[in-house]
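1. Next one to model:
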Amino acid sequence: MNAAIPLEKIRWSALEFQKLGEVILREGRFELLDGEIFEMAPIGPTHASLTNRLVAALNDSRNRGQHIVSAQNPLRLNARTELYPDIAVLKYQPNEYASELPTATDALLVIEVAHSTFANDKRYKAPLYLQAGVPLVWLVSIASKSVWIFDPIHPNGQELSSGALNLAQMPRLQISVESLFRGV
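-> Here you go, the predicted structure:
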């Protein structure tokens, strides 16, 4: 009789994940979530276009020197979680985080653009960002052409399908939801 051999999960720290990425995980896109490595969904043209539109709006010259817009770069939430949000608006640092990765407390806003991953991003990622200390999360839904806004007042999210997106730390920022999805 063959007895089943129990398999043991290997839990990774964020530092181990970084080193693993340098050596093994060169091909593909991966995230570390609670010590487990997950492959990220591929980026399609609509996803890329919406991310580019948001980066352009957030990098408006009127806001230069007040924040850093980081696109698809690592954000360390804790010792066992390192995610790659589509966009993170970070507190300004003169060295632009050259000496260490930004953490949740460095983020003013995290934006995830989602199509096939929307349900998981809404259920897992948005609450995870908030629990780690990110004050504001926008989840851009390609399918519904809307933006879900998560903050401590709306931890389950609030859907916005028209109107303007803004950020308290960037008072001149106004992103029209309708114009964001124009031509999509």
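
2. When you work out contacts or count neighbours from here on, use the C-alpha atoms and nothing else.
-> OK.

3. so what's E39 bridging to?
-> F30 (DSSP bridges).

4. My guess is it contacts F30. True?
-> Yes. Contact status for E39 versus F30: in contact at 4.4 Å, counting by Cα atoms under 8 Å.

5. So which of these two has more stuff around it?
-> Counted by other Cα atoms under 10 Å, E39 and F30 do not tie: F30 has more neighbours, with 18 against 10.

6. doesn't P42 make contact with that one?
-> No. The pair F30 / P42 is not scored as a contact, 10.5 Å apart, by Cα under 8 Å.

7. mind exporting the top helix by length along the chain as CSV, just the C-alpha atoms?
-> Of all the elements of type helix in the chain, the one with the most residues (DSSP state H) is helix 45-58. Extracted C-alpha coordinates of helix 45-58, given in CSV (Å, rounded to 0.1, in the frame of the first residue of the first chain):
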residue,chain,number,x,y,z
PRO,A,45,-3.3,46.2,-24.6
THR,A,46,-6.2,47.7,-22.7
HIS,A,47,-4.5,47.2,-19.4
ALA,A,48,-1.3,48.8,-20.7
SER,A,49,-3.2,51.7,-22.2
LEU,A,50,-5.1,52.5,-19.0
THR,A,51,-1.9,52.2,-16.9
ASN,A,52,-0.2,54.6,-19.3
ARG,A,53,-3.1,57.1,-19.1
LEU,A,54,-3.0,57.0,-15.3
VAL,A,55,0.8,57.4,-15.2
ALA,A,56,0.6,60.4,-17.5
ALA,A,57,-2.1,62.1,-15.4
LEU,A,58,-0.3,61.4,-12.2
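
8. Could you look up the next helix or strand downstream of it?
-> Next along the chain after helix 45-58, taking DSSP states H and E as the criterion, comes strand 67-71.

9. what packs against that following strand?
-> helix 45-58, strand 87-91 (3 or more Cα pairs under 8 Å, 6 or more residues apart in numbering; DSSP states H and E).

10. just to revisit the earlier point, show me what counts as buried in the longest helix of the chain.
-> T46, H47, L50, T51, L54, V55, L58 (16 or more other Cα atoms under 10 Å).
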